[in-house]
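Chemist: Coordinates only, no sequence provided:
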């Protein structure tokens with residue numbers, strides 16, 4: 001029976017299915033120094049703990065430091081085994097180990113099925129693994145050897161021979177799972193493992209990025225070959241694409257009030273990322289990178305709008321996706337009451353295209369943005385809401401209506417918002433003509449990008465590290481969550 005991964009899984013679901021498939025399996029984990037190989041291996045043990053008993057054999061990393069990260073590890077560390085008769089090894093699935101020890105084996109006949117061993121080097125670490133397996137041949141186990149390089153050096157063994165021998169005895173002979181950690185990113189030994197995973201650390205605009213690449217997993221379908229992950233809190237957490245697919249903010253909305261003179265974005269994690277909130281009279285730029293799901297940017301807009309509206313403030317809203325005002329309103333009613341939305345929000349629409357008359361629709365000519373967004377007109381339309389106002393400007397929409405020089409047309413509007421302590425939220429894709437001009441003017445500039453199927457956000461001004469963007473729901477409300485990649 002196939003065991004399905006739980007919702008609290010921190011490793012890729014493919015790894016979970018790979019080790020829980022029938023039979024024994026071996027996984028080679030390789031990567032450069034400091035990429036997170038050891039943490040990944042220990043996270044595999046922890047996430048598989050309900051189905052498999054895991055053991056960890058460490059050759060170089062300090063056990064004390066690991067126990068701080070994984071307190072349960074104390075019961076799963078492999079130490080030197082209790083010394084047994086050095087000339088007798090029970091069981092007959094040790095031919096690989098015998099080869100490593102450089103010994104002559106004389107298989108004895110009879111009911112005991114023992115092997116007599118005359119000479120050979122001492123491999124106490126490996127002996128302990130075999131003793132655990134032979135003590136309970138029914139139990140499914142996972143052995144992590146960290147690292148193969150260090151163990152081979154310790155005993156003067158060839159790395160390929162070490163892996164091949166354990167593969168023959170433990171994986172194929174006893175049907176156990178083995179995870180080999182290699183300190184080199186080279187792929188010379190990949191052919192010896194049933195599966196291969198590469199852990200890497202790189203940079204994106206001088207910010208750290210960590211990725212897991214699933215090179216091969218024999219007998220297991222790889223749904224996503226790459227995963228973004230973080231080591232925040234000393235443990236591994238991979239980000240599944242489903243965490244972003246749930247991008248739909250639902251309410252009712254609980255407003256975040258001003259703090260220390262700064263206004264909130266409506267997202268506590270975003271407030272923290274940009275230094276505690278947004279200043280009055282500022283321009284905020286959210287840049288949308290290539291392949292970022294537009295629904296993610298839409299939820300950020302909705303959060304901004306919902307928070308301002310819930311605090312009684314007026315909002316002018318050119319959505320980043322060009323759609324009808326009626327459609328936008330219907331989505332927002334999940335967050336705020338319709339009476340409040342109709343009173344405080346105004347969505348500009350070209351007058352010739354307006355199909356219905358509604359208080360939240362602000363008819364405009366659609367010829368010149370400067371004329372349509374004169375402060376006198378805007379302040380009158382938003383007079384039912386309190387100041388400071390929020391002006392949400394989706395520049396993909398603005399450029400499609402007013403042309404590529406729309407920034408020049410709205411300079412007076414930006415100035416009037418600043419003068420009256422309002423906030424301008426500019427949302428622009430990386431391909432929009434206006435983006436560079438807006439970046440020069442923005443007090444806060446954050447960018448959305450996509451890595452390994454996961455949407456990330458990072459601050460350009462102020463500078464921040466990358467944060468994975470996910471959406472968490474308690475069944476009643478959904479909120480935006482940022483998790484820093486460290």
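Modeler: Arrived safely. Being a predicted model, the structure only gives us computed values, none of them experimental. Numbering: from 1, shown residues only.
Chemist: ok, residue 373 - contacts?
Modeler: If a contact means C-beta atoms under 8 Å, 6 or more residues apart in numbering, then residue 373 has 316, 348, 364, 410, 412-413 as its contacts. Yep, even glycine has a C-beta here, placed from its N, CA and C like the rest.
Chemist: now the helix ranked longest in the chain, how far from the chain's geometric center?
Modeler: Longest helix in the chain by number of residues (criterion: DSSP state H): helix 294-310. Here the centre of helix 294-310 is set off from its chain's centre by 22 Å, with C-alpha atoms, centre = their mean, to the nearest Å.
Chemist: does residue 378 really touch residue 414, like I thought?
Modeler: No - with contact defined as C-beta atoms under 8 Å, residue 378 and residue 414 do not form a contacting pair (11.7 Å).
Chemist: Just the buried residues out of the contacts of residue 373, in PyMOL syntax.
Modeler: Filtering those down to the buried ones (16 or more other C-beta atoms under 10 Å) takes a single PyMOL command:
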select buried, resi 316+348+364+410+413
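Chemist: Distance to residue 100 for the contacts of residue 373 - can I get that in a markdown table?
Modeler: Listed next are the contacts of residue 373 as a markdown table, based on distance: C-beta to C-beta, whole Å:
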| residue | distance to residue 100 |
| --- | --- |
| 316 | 74 |
| 348 | 75 |
| 364 | 79 |
| 410 | 73 |
| 412 | 79 |
| 413 | 76 |
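Chemist: Would you mind giving the contacts of residue 373 as JSON lines with secondary structure added?
Modeler: Putting the contacts of residue 373 into JSON lines (DSSP: H, G, I helix; E, B strand; the rest coil) gives the following:
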{"residue": "316", "secondary structure": "strand"}
{"residue": "348", "secondary structure": "strand"}
{"residue": "364", "secondary structure": "strand"}
{"residue": "410", "secondary structure": "coil"}
{"residue": "412", "secondary structure": "helix"}
{"residue": "413", "secondary structure": "helix"}
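Chemist: Of the contacts of residue 373, which is the nearest to residue 15?
Modeler: Proximity of the contacts of residue 373 to residue 15 was ranked by C-beta to C-beta; the top entry is residue 316 with 48.3 Å.
Chemist: which stretches of the stretch 201-350 of the chain have low pLDDT?
Modeler: Under the criterion pLDDT under 70, the flagged ranges of the stretch 201-350 of the chain are 243-247.
Chemist: Go again with 90.
Modeler: Residue ranges of the stretch 201-350 of the chain with pLDDT under 90: 233-234, 240-252, 293-295, 297, 321-323.
Chemist: Make sure residue 58 is actually in contact with residue 76.
Modeler: No - assessed by C-beta under 8 Å, residue 58 is found out of contact with residue 76, at 10.5 Å.
Chemist: Who has more neighbours out of these two?
Modeler: residue 58 (22 against 18; other C-beta atoms under 10 Å).
Chemist: what helices or strands is the longest helix of the chain leaning on?
Modeler: Packing contacts for helix 294-310, counted by 3 or more C-beta pairs under 8 Å, 6 or more residues apart in numbering; DSSP states H and E, involve strand 283-288, strand 313-318, helix 325-332, helix 338-344, strand 386-394, strand 423-429, strand 478-484.
Chemist: How far does the last one sit from its chain's centre?
Modeler: The one in question is strand 478-484. How far strand 478-484 lies from its chain's middle: 11 Å, per C-alpha atoms, centre = their mean.
Chemist: Paired strands for that strand, with orientation please.
Modeler: Here strand 478-484 is paired, per DSSP bridges, with strand 467-473 (antiparallel).
Chemist: Work out which residue lies at the spatial centre of the protein.
Modeler: What sits nearest the mean C-alpha location of the chain, by C-alpha atoms, centre = their mean, is residue 239, with 2.9 Å.
Chemist: Which residue, other than its chain neighbours, is closest to residue 292?
Modeler: residue 448 (4.7 Å; C-beta to C-beta, 6 or more residues apart in numbering).
Chemist: and the end-to-end length of stretch 471-482?
Modeler: 9 Å (C-alpha to C-alpha, to the nearest Å).
Chemist: how about the longest helix of the chain: buried residues?
Modeler: Using 16+ other C-beta under 10 Å as the test for burial, helix 294-310 gives 296-310.
Chemist: one step back: and residue 261, which of the helices and strands packed on helix 294-310 is closest to it?
Modeler: Residue 261 lies closest, by C-beta to C-beta, to one member of the helices and strands packed on helix 294-310: strand 386-394, at 11.7 Å.
Chemist: Buried residues in that closest one, which are they?
Modeler: Residues of strand 386-394 classed as buried by neighbour count (16+ other C-beta under 10 Å): 388-394.
Chemist: Could you do stretch 328-347 as well?
Modeler: Buried residues in stretch 328-347, counted by 16+ other C-beta under 10 Å: 328-329, 332, 335-336, 340-347.
Chemist: Now do the strands in the stretch 151-300 of the chain.
Modeler: Along the stretch 151-300 of the chain, the stretches classed as strands by DSSP state E, counting those that start in this stretch are 177-182, 195-204, 207-217, 226-230, 237-238, 283-288.
Chemist: Could you export these as JSON lines, including mean neighbour count?
Modeler: Below are the strands of the stretch 151-300 of the chain laid out as JSON lines (neighbours: other C-beta atoms under 10 Å):
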{"stretch": "strand 177-182", "mean neighbour count": "26"}
{"stretch": "strand 195-204", "mean neighbour count": "18"}
{"stretch": "strand 207-217", "mean neighbour count": "19"}
{"stretch": "strand 226-230", "mean neighbour count": "22"}
{"stretch": "strand 237-238", "mean neighbour count": "20"}
{"stretch": "strand 283-288", "mean neighbour count": "24"}
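Chemist: possible to save these as JSON lines with distance to residue 139?
Modeler: Shown next, in JSON lines, are these (distance: least, C-beta to C-beta, whole Å):
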{"stretch": "strand 177-182", "distance to residue 139": "12"}
{"stretch": "strand 195-204", "distance to residue 139": "22"}
{"stretch": "strand 207-217", "distance to residue 139": "23"}
{"stretch": "strand 226-230", "distance to residue 139": "30"}
{"stretch": "strand 237-238", "distance to residue 139": "27"}
{"stretch": "strand 283-288", "distance to residue 139": "51"}
